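Curious how this folds, go ahead:
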Amino acid sequence: MKLIRKKEPRDTGIVDLNVLPRALRPADVPAFAVVLVVALFASVVGMVPLAYAEHSARQDAQVMERQADDADQSIHRVQLAIDRKRALQAQVDEVLTKVTALRTAREHVQGGKRPLAVDLARVIDGAVVPPGTRVVSLTGTDTGMRVEGAAAGPLEAIAYAGNLMRAAGFTSARMASFAPGKDGGGQFTIEVTR
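Next up is the predicted model:
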């Protein structure tokens, strides 16, 4: 009889031939840890574009803040200019009101007629005063003025009164008196209505 031997089970376990001490050996890393490290690396790599995007967004935000500050400053300058314009406009309106009041007072005093300076200039204008006639004095009256002067004769004084109405534009001018002088001329008085 043959003896049948039973085979002894072989030890199929891994034989560790690593002669390094345990502290210097590579660590045994489970598969879950490897997956976790790979996922962490992928997320870090994925965050790099986000970091660039954040940096770009911060720079854009700083530029926009500067632009907003500049816009605020220009709005402030415009508001100051508007306030100055309003103040100047108020001053102009006040001055125009005073000018209107002064014109009204002047027209009341003048009776709605031309300014006195214009009338005085027309009385002594060389185109109105005939040759040989000169104006000696002007006196104001309630309705106009009294012109006294010297003329070569009464006809020149009458011509001067007519020129005051035609050329100078007065409503009326009449010779009130003429006093003959020794040399043929004389003194005249003309009353002019403005």
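
Break this protein down into its structural domains.
31-112, 116-193 (automatic domain parsing).

most packed of those domains?
Of all the domains of the chain, domain 116-193 has the most neighbours on average by mean count of other Cβ atoms under 10 Å, namely a mean of 15. The way it works is simple: take the backbone N, C-alpha and C, and place the C-beta from them, glycine included.

any idea of the mean pLDDT in that one?
For domain 116-193, the mean per-residue pLDDT is 86.

cool, stretch 92-111 as well?
In this model, stretch 92-111 has a mean pLDDT of 85.

Nearest to N18, out of the domains of the chain?
Closest of the domains of the chain to N18 is domain 31-112, at 20.3 Å (criterion: Cβ to Cβ).

just how off-centre is that closest one within its chain?
Chain-centre distance of domain 31-112: 18 Å, with Cα atoms, centre = their mean, to the nearest Å.

So that it lines up with my notes, have the first residue be 11 from now on.
Yes, from this point I'll number from 11; that puts the last item at domain 41-122.

Next, M185: secondary structure please.
Assigned by DSSP: H, G, I helix; E, B strand; the rest coil, the conformation of M185 is strand.

and it, what is it in contact with?
Contacts for M185 (Cβ atoms under 8 Å, 6 or more residues apart in numbering) come out as 164, 167-168, 171, 198-200.

and the gap between it and A41?
According to Cβ to Cβ, to the nearest Å, M185 and A41 sit 137 Å apart.

and if you look at R68?
For R68, the distance to A41 equals 40 Å [Cβ to Cβ].

Same check on V88?
Going from V88 to A41 by Cβ to Cβ gives 69 Å.

Then M155?
125 Å.

ranges for the helices of the chain?
Assigned by DSSP state H, the helices in the chain fall at 41-120, 126-133, 164-176.

so T153 sits right up against R184, yeah?
No: with contact defined as Cβ atoms under 8 Å, T153 does not reach R184; the gap is 11.7 Å.

How about the contacts made by the residue nearest to A177 when sequence neighbours are not counted?
Nearest non-adjacent residue to A177, counting by Cβ to Cβ, 6 or more residues apart in numbering: V138, 5.0 Å away. V138 makes contact with 132, 170, 173-174, 177-178, according to Cβ under 8 Å, 6+ apart.

Between those residues, which sits nearest A81?
Distance to A81, by Cβ to Cβ, is smallest for R132 among these, at 62.1 Å.

Contact partners for that closest one?
Going by Cβ under 8 Å, 6+ apart, R132 touches 138, 174, 177-180.

any idea which of the residues you listed is the one closest to L98?
Among those, G179 lies closest to L98 (Cβ to Cβ), at 39.7 Å.
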